[in-house]
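In: Got a predicted structure plus its sequence, pasted below:
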Amino acid sequence: MFDPLGELGSLVRAAAVTALGPEFSDVDPQVRRGQHGDAQADLALGLSKRARKAPRAIAESIVAALPPNDLIERAEIAGPGFINFTFASPWLAKAATRLLDDPRLGVPQAATPERVVIDYSAPNVAKEMHVGHLRSTVLGDALARLFEFRGHTVIRQNHIGDWGTPFGMLIEHLIDLDVKVGDASSELALADLSSFYKAARKKFDEDPAFADRSRRRVVALQGGDAETLARWRTLVDISTRYFETVYEALDVTLQRKDVAGESLYNDKLAPLVAELEASGHARENDGALCVFPAGFTNKEGEPLPLIVRKSDGGFGYATTDLAAIRYRLFDLGATRLLYVVGAPQAQHFSMIFTAARELGWLKPSARAEHVAFGSVLGPDRRMLRSREGDAVRLVDLVSEAIARAESVLATKAPDLDAETRAKVGKMVGVGSLKYADLSSDRVKDYVFDVDRMVSFDGNTSGYLQYAYARVRAIFRKVEGSVPVSGSLGPVVLAPAADNDAAARAERALVLNLLALAPAVQIVEDLLEPHRLAGYLYELATSFTSFYEKCPILSSTGELRASRLALAELTARTLSLALGLLGISVPERM
Ligand code: ARG
């Protein structure tokens, strides 16, 4: 075991069972980092009714019943029944020393690996990717990396919007422009996707003949007309290639093979709908065929429909998502389904999940979760828009963040040569963009502020990346004097009673180094990457005070080896955990 809080939790739970009886084996020990001592357990306060004893008496009986162990040096009861714990320094030192030999830095493999489908990014063909897609892409990619690191099988599903009525007008516009695939100059017409889409839309609204052609084109597309399908392919191919360039710029793991767009489900929709109709799960309403999942009503109290077949006979977004959830559960064999999609679609997914449960597809052994996120706001606290009033293009945000990061580096790290600065600028720029997103509570809106984002102070990517680079700089100096191998560890730690600033800083750093596993676990449980970001910020802050109070290079012998080990562990932890968030670390900056 590396995790002292986890270990303490088990000891406290065992003590509660001994003190209060076997029926308390399910109790949550409510263990957390403490103000007084290293940790505290708060369970006694909530147990008095169940145990029919005063909280303080419960706390006393728990302390008395603690099994023999090497972890707890002192347990003290405070206030109405808090238990404050001080850990034994040798336990912590030994655990930290063992971390040096663990490439996973204490994070265990999942006890029951699952097949996890993560639906994320999901931009729309022939449309520009905007900040909403940024959030989905960045959050989803972090979750994908983290779940994989825990040993789950992650199946990425990029549910791109590649089907539907807009394709009629888009294809007609493509024909008008005479775009040929593979011909760079004619593909240029599509380079600016939002203009392409807008131009098609404008013609559709203004030119009745064009609108007419477009509608016929939709019918041809749905009917599988070969020429129409080929044109449609062109649009999808060009867009997909464009998405790939954005993923590459963002250092995102999504690949072409992960594209599973709406069109993937085309030939499943008619049979699905027929089945729903035959089994009585769907019924006619105002000419449309609908499923009414239980518990959803509108303001008037009428049941809300999921429209599975529109009155014109067409299928829509909901039909596709029903086909998709079935495919993910049965064909992909997933037991956990994550949908990283904006909060406005909460009701849609809630209805899809309920319907899937009612249809018997989504069984209690599997779970579907909407990983909802809020909007990205501009400085005026309204939806972020470009100067022209359009949605801001994702690619422009990426280049802006990189440019700003480079200029911060120019002042903060003037010694970097041009090539290194460009490389580090990309890492910090992209890292900042991702970290700003990942470090804020995802369900809340956040204000997009490039200057704050790329700053090296506060809870930012630059601060964490800089902490990493600083450790590497220390080791470059060490390498000049002694070989690093053999000069790392073991970790030694002053007794807990030693209360000077250096001892306190060192202890705080060790406690943080031993807390990566629970930080990862909580992201896996709650799907909230900002908790890992918060952990990293605490780690880096504790490293900063350790670095100020505990001289490394000027210390000698055992102490030097221990401090070097703590610095090395800090760097490894930063690199690993930032990596889980999709952020790389520079060797110097
Ligand atoms: N393409 C959609 C959009 O841009 C998101 C799709 C999300 N995934 C899904 N299975 N519905 O809003």
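Out: Looks like it arrived, so ask away. Just so you know, these numbers come straight off a predicted model, no measurement behind them.
In: chain center to the helix or strand where M351 lies, what's the gap?
Out: According to DSSP states H and E, M351 maps onto helix 346-358. Mean-position distance between helix 346-358 and its chain equals 22 Å (C-alpha atoms, centre = their mean, to the nearest Å).
In: cool, and stretch 406-426?
Out: 28 Å.
In: Can you name the residues of the stretch 51-200 of the chain that neighbour the ligand?
Out: With C-beta under 6 Å from any ligand atom as the criterion, the stretch 51-200 of the chain meets the ligand at residues 119, 122, 124, 159, 161. (Each C-beta comes from the backbone N, C-alpha and C, glycine too.)
In: neighbours around the second one, how many?
Out: Here the count is done by other C-beta atoms under 10 Å, and A122 has 24 residues near it.
In: cool, L170 as well?
Out: Neighbours of L170 under the rule other C-beta under 10 Å: 25.
In: Surely it and T234 touch.
Out: No. Applying C-beta atoms under 8 Å, one finds L170 not in contact with T234, separated by 10.0 Å.
In: can you pull the contacts of the closest residue to S455 other than its chain neighbours?
Out: With sequence-adjacent residues excluded and distances taken as C-beta to C-beta, 6 or more residues apart in numbering, S455 is closest to G462, at 6.2 Å. Counting by C-beta atoms under 8 Å, 6 or more residues apart in numbering, G462 touches 405, 408, 428, 431-432, 454-456.
In: The residue nearest to R309 when sequence neighbours are not counted sits in which helix or strand?
Out: The shortest distance from R309 to any non-neighbouring residue, by C-beta to C-beta, 6+ apart, is to L289 (3.9 Å). Secondary structure assigned from DSSP H and E places L289 in strand 288-291.
In: Against A413, how distant is the residue nearest to S455?
Out: Here G462 is placed at a distance of 11 Å from A413 (C-beta to C-beta, to the nearest Å).
In: Ok, E148 next?
Out: 33 Å.
In: quick one, which of these two is more surrounded?
Out: Neighbours were counted for E148 and for A413 using other C-beta under 10 Å; A413 has more, 19 against 16.
In: The more buried one reaches G425, doesn't it?
Out: No. Counting by C-beta under 8 Å, A413 stays clear of G425, with 10.0 Å between them.
In: coming back round to it: what's the most distant pair in the residues of the stretch 51-200 of the chain next to the ligand?
Out: D119 and N124 (14.3 Å; C-beta to C-beta).
In: Could you check which of the two has the larger neighbour count?
Out: D119 (26 against 19).
In: What sits closest to the residue of the stretch 1-150 of the chain found nearest the ligand if chain neighbours are left out?
Out: Nearest residue of the stretch 1-150 of the chain to the ligand (C-beta to the nearest ligand atom) works out as A122 at 3.7 Å. Ranked by C-beta to C-beta, 6+ apart and with sequence neighbours excluded, the top spatial neighbour of A122 is H159, at 4.4 Å.
In: Number of residues surrounding that neighbour?
Out: 22.
In: That one contacts V125, correct?
Out: No. Look at H159 against V125 with C-beta under 8 Å: they stay out of range, at 11.7 Å.
In: show me what contacts the nearest residue to A96 once chain neighbours are set aside?
Out: Using C-beta to C-beta, 6+ apart and skipping the chain neighbours, the partner closest in space to A96 is V491 (4.1 Å). Counting by C-beta under 8 Å, 6+ apart, V491 makes contact with 93-94, 96-97, 100, 510, 562, 565-566.
In: Taking those residues together, which two end up most distant?
Out: Between all members of the contacts of V491, the farthest pair (by C-beta to C-beta) comes out as K94 and L566, at 13.8 Å.
In: Name the residue in these two with the higher neighbour count.
Out: Neighbour totals were compared for K94 and L566, and L566 leads with 27 against 16 (other C-beta under 10 Å).
In: From the ligand, how far out is the more buried one?
Out: 44 Å (C-beta to the nearest ligand atom, to the nearest Å).
In: buried stuff in the helix or strand that contains F167?
Out: Secondary structure assigned from DSSP H and E places F167 in helix 166-177. The neighbour-count check on helix 166-177 (16 or more other C-beta atoms under 10 Å) flags 166-174 as buried.
In: Around the ligand, pick out the residues from this structure.
Out: Near the ligand, when you scan the chain using C-beta under 6 Å from any ligand atom, you find 119, 122, 124, 159, 161, 321, 324, 339, 341.
In: The ligand versus E558, what's the distance?
Out: 56 Å.
In: Surely that residue is in contact with V492?
Out: Yes. Using C-beta under 8 Å, E558 is in contact with V492, at 5.9 Å.
In: rewinding a little: the next helix or strand after the helix holding M351 pairs with which strands?
Out: As assigned by DSSP H and E, the chain's next helix or strand after helix 346-358 is strand 367-373. Using DSSP bridges, the strands paired with strand 367-373 are strand 336-342 (parallel).
In: tilt between the strand it pairs with and helix 346-358?
Out: Computed by axes from the mean of the first three to the mean of the last three C-alpha atoms, to 10 degrees, the angle separating strand 336-342 from helix 346-358 equals 160 degrees.
In: how about strand 336-342: buried residues?
Out: By 16+ other C-beta under 10 Å, the buried positions in strand 336-342 come out as 336-341.
In: quick one, what contacts R33?
Out: Per C-beta under 8 Å, 6+ apart, neighbours of R33: 5, 39-40, 511.
In: wait, P123
Out: Here P123 is in contact with 129, 133, 160-161, 239, 243 (criterion: C-beta under 8 Å, 6+ apart).
In: same deal with A142?
Out: Contacts of A142 (C-beta under 8 Å, 6+ apart): 434, 438, 529, 580-582.
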